[in-house]
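Enquirer: Sequence and predicted structure below; questions after.
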Amino acid sequence: MLRTLLILLLAAGIISSCNRGPGSGEGFVFPEDDVVPSAEAEMLSTEAIDDIIRNIASPVEIAALLQSLEVPFSENYLAPTRDADRINTNFERALMLGVYGADLGYINIYERSGSAVEVLRVINRLADGLRVGQFFDFEALRRLSTSRSNLDSLLYLSISSYNNIDDHLREENRGHLSALIITGVWIEGQYLITQVANNFPDQMLVERIAEQKLIINDLLMLLNPYCDVAGDDYAKLCNEIRRLKDAYSEVSISYTPGEPETIEVDGRLTIVQRDETHIEISEEQLQDIIEISKEVRNGIVEGR
Amino acid sequence: MGSLKADRYLYLIPLLLMPLLMAAPASAQTTTSSVVEECMAKALADEEGHYMSHFYIRLPAATAESDPPVVREVRRLAPNWTYRFTLCNADATESGGVLVLDIYDGDRRILSSYDRDSERHFSSVDFACSRMGNYTFLFYFLNGEPGEASAVITQFRTRAR
């Protein structure tokens, strides 16, 4: 069974590879400006990068939280797709691939099929531009996005696609693009939750915004190797993230450890964590974070 | 979404054959096999939650000279969410050991799917998280046996207790 499955996978992979556009063939050489020499970038260990990347931003986490709080869906939060055709550098392609990935997660969680098709079209274009289009099955994503009946399949497929792109880019020594995709996903999620919190004040949203303080440090750790050696775009992006980090400097997060409670119900073990989180964030700090998050995100989306 | 759950896992089988997974490196332990398909179907047949992540674990037997082999993964978990871990072993006659998941918060083990006192193994474990943080998952096979298995994480909002 396993062997048969592997043969099928191999065949599918070959067929898929054959269907890709130019540049996906064996021996393709990336343009020079697409590669940051590893000697110039102070690299983190592979394990450290793995841990950071898998944990900075999920394209669906914020959206799932909003849906569970019964916050209504709004297309106004989405990055406009009309400007996507002007994107012509890999820096912007990677950042916006992350931004639209987060938007796709939001659309998927709310099962808004009407919005998905255009976002998928743009993602397809950006992914092809980065020569990672082979990791998306756009026809399957489009079908699942518009059928409203396969949310888990859709989440599985989109999350796996982004994870596989990340793996591929890092294997190809294009980890800087991977870092940009992750940054784009996080920025758009941050924009989404801060805008919603502005319109629908909720303590849980405020706490989740405050907790992003922990993630910004990881994000900067991921970007740092490229901030000073990969060109002006990277330097500017790093400065923007640092500006956001500064806005978090007075936000306080502390914990009181508790003893986990173990319950068994119908043969299933449940562990209830009893740690308490204490968050201190003033209204002024929150508004500052909301405003800077908006500026940073709009700067990326508008190519400023 | 709940009424659609009963048959939705059927869609996963063709999806698992898609070439996108070809690129998953062995180190990430996110590849596919029949045990992943079966585990995904089992986890998603549940009425609660939505897909978050999955792992494929294949380990050799422990040797006298080295520590028992483990797969280590780190995931950030968030408060107010319950994470359900569905653990599935491949056919026992072929794969050997029983998969165990331990979750660590720093150096403190906060969860194990194997109760060492009663020697009971749980194939489904819920973790109701109350603190955002990076948690370390260790997957290994009981008694250092070799094995092949899968674990699927789904997540849903924690109900008030």
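Expert: On my side now, so go ahead.

Enquirer: Doesn't A:L141 lie inside a helix?
Expert: Yes - the assignment for A:L141 (DSSP: H, G, I helix; E, B strand; the rest coil) places it in a helix.

Enquirer: How many residues are close by it?
Expert: A count of nearby residues for A:L141, using other CB atoms under 10 Å in any protein chain shown, gives 23. Where C-beta positions appear, they are placed from N, C-alpha and C, glycine not excepted.

Enquirer: which residues touch it?
Expert: In this structure, A:L141 makes contact with A:120, A:154, A:157-158, A:161, judged by CB atoms under 8 Å, 6 or more residues apart in numbering or on different chains.

Enquirer: so can I have JSON lines of those residues showing secondary structure, distance to chain B and pLDDT?
Expert: Listed next are those as JSON lines, based on DSSP: H, G, I helix; E, B strand; the rest coil; distance: CB to the nearest CB, whole Å; pLDDT from 0 to 100:
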{"residue": "A:L120", "secondary structure": "helix", "distance to chain B": "15", "pLDDT": "86"}
{"residue": "A:L154", "secondary structure": "helix", "distance to chain B": "9", "pLDDT": "73"}
{"residue": "A:L157", "secondary structure": "helix", "distance to chain B": "6", "pLDDT": "75"}
{"residue": "A:S158", "secondary structure": "helix", "distance to chain B": "10", "pLDDT": "74"}
{"residue": "A:S161", "secondary structure": "helix", "distance to chain B": "6", "pLDDT": "78"}
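
Enquirer: Make JSON lines from the residues you listed and add neighbour count and distance to A:F91 to it.
Expert: Shown next, in JSON lines, are those (neighbours: other CB atoms under 10 Å in any protein chain shown; distance: CB to CB, whole Å):
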{"residue": "A:L120", "neighbour count": "22", "distance to A:F91": "22"}
{"residue": "A:L154", "neighbour count": "29", "distance to A:F91": "29"}
{"residue": "A:L157", "neighbour count": "26", "distance to A:F91": "27"}
{"residue": "A:S158", "neighbour count": "22", "distance to A:F91": "23"}
{"residue": "A:S161", "neighbour count": "25", "distance to A:F91": "21"}
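
Enquirer: Give me the local confidence score for the residue nearest in space to the middle of chain A.
Expert: The structure's chain A has its C-alpha centroid closest to A:V185; by CA atoms, centre = their mean the separation is 2.5 Å. At A:V185, the model reports a pLDDT of 91.

Enquirer: And the one 4 residues further on, by the same measure?
Expert: A:G189 carries a pLDDT value of 93.

Enquirer: what's the answer for A:I165, then?
Expert: Listed pLDDT for A:I165 reads 81.

Enquirer: Where does it sit, in terms of helix or strand?
Expert: Per DSSP states H and E, A:I165 falls inside helix A:151-171.

Enquirer: Output that helix as PDB, nothing but the C-alphas.
Expert: C-alpha atoms of helix A:151-171 as PDB (Å, rounded to 0.1, in the frame of the first residue of the first chain):
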ATOM      1  CA  LEU A 151     -13.100  23.600   5.200                       C
ATOM      2  CA  ASP A 152     -10.600  21.200   6.700                       C
ATOM      3  CA  SER A 153      -9.400  20.000   3.300                       C
ATOM      4  CA  LEU A 154      -9.000  23.600   2.300                       C
ATOM      5  CA  LEU A 155      -7.100  24.500   5.500                       C
ATOM      6  CA  TYR A 156      -4.900  21.500   5.100                       C
ATOM      7  CA  LEU A 157      -4.100  22.200   1.500                       C
ATOM      8  CA  SER A 158      -3.400  25.900   2.000                       C
ATOM      9  CA  ILE A 159      -1.300  25.500   5.200                       C
ATOM     10  CA  SER A 160       0.700  22.600   3.600                       C
ATOM     11  CA  SER A 161       1.300  24.700   0.500                       C
ATOM     12  CA  TYR A 162       2.800  27.600   2.400                       C
ATOM     13  CA  ASN A 163       4.900  25.200   4.600                       C
ATOM     14  CA  ASN A 164       6.200  23.500   1.500                       C
ATOM     15  CA  ILE A 165       7.100  26.800  -0.200                       C
ATOM     16  CA  ASP A 166       9.000  27.700   3.000                       C
ATOM     17  CA  ASP A 167      10.900  24.400   3.000                       C
ATOM     18  CA  HIS A 168      11.700  24.700  -0.700                       C
ATOM     19  CA  LEU A 169      12.900  28.300  -0.500                       C
ATOM     20  CA  ARG A 170      15.200  27.600   2.400                       C
ATOM     21  CA  GLU A 171      16.600  24.500   0.600                       C
END
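
Enquirer: So which elements touch it?
Expert: Secondary-structure packing of helix A:151-171 (3 or more CB pairs under 8 Å, 6 or more residues apart in numbering or on different chains; DSSP states H and E): helix A:46-56, helix A:90-109, helix A:138-147, helix A:175-199, helix B:5-8, helix B:12-16, strand B:50-59.

Enquirer: any idea how far chain B is from the residue nearest to the centre of chain A?
Expert: Applying CB to the nearest CB, to the nearest Å, one obtains 13 Å for the distance of A:V185 from chain B.

Enquirer: I'd say that residue and A:L95 touch.
Expert: No - contact criterion CB atoms under 8 Å: A:V185 and A:L95 do not qualify, at 9.6 Å.

Enquirer: So which bits of stretch A:283-299 are buried?
Expert: A:285-286, A:288-290, A:292-293, A:296-297 (16 or more other CB atoms under 10 Å in any protein chain shown).

Enquirer: avg pLDDT for that stretch?
Expert: Taken as a whole, stretch A:283-299 has an average pLDDT of 96.

Enquirer: how about low-confidence regions in the stretch 101-250 of chain A?
Expert: Residue ranges of the stretch 101-250 of chain A with pLDDT under 70: A:145-150.
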